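**Student:** Next come a sequence and a model predicted from it.
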Amino acid sequence: MNSRTRLITVNDIRYVWLVDEVEWNLLRLKVWREGEKRAPWFTLDRDMNIPWRFSPEIAATTPDTPFSVTPKLVAEAIRQVGLQFGFSDENSKALNLCVSSDGNSILPLSELTLQKS
């Protein structure tokens, strides 16, 4: 996956975002306020666990269902993170977040680690 920065405007504020494939099963969205790229406002990890990827028999009969990060999803993430954790001017450190396993909520990475143990 090629990472490239993109611009998006949400509520009249411009943001820069990019998506990295951290591992074969993990995507990371990084968002900065435009002009403040020294540290991202937040990172948001999304687990893309596709168990059949390494089983040739199952992979041959199961179509890959790609997950793409669209500007609409990024705008929704920016709004949700801002409401839930505060906007970029309200945080002094980057927020490290993840999408819950059911895909319905955004959690701090530390909270997800506690849930798994």
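**Tutor:** Yep, that arrived. Residues are numbered from 1 along each chain as shown.

**Student:** just checking, what's the longest strand in the chain?
**Tutor:** In the chain, with assignment by DSSP state E, the single longest strand is strand 13-23.

**Student:** in that strand, what's buried?
**Tutor:** Neighbour counts over strand 13-23 (16 or more other Cβ atoms under 10 Å) mark 15-19 as buried. The way it works is simple: take the backbone N, C-alpha and C, and place the C-beta from them, glycine included.

**Student:** strands paired with it, and their directions?
**Tutor:** Strand 13-23 has the following strand partners under DSSP bridges: strand 6-10 (antiparallel), strand 26-33 (antiparallel).

**Student:** any idea how far residue 6 is from residue 28?
**Tutor:** With distances taken as Cβ to Cβ, to the nearest Å, residue 6 is found 15 Å from residue 28.

**Student:** okay, these two: which has more neighbours?
**Tutor:** Neighbour totals were compared for residue 6 and residue 28, and residue 28 leads with 19 against 12 (other Cβ atoms under 10 Å).
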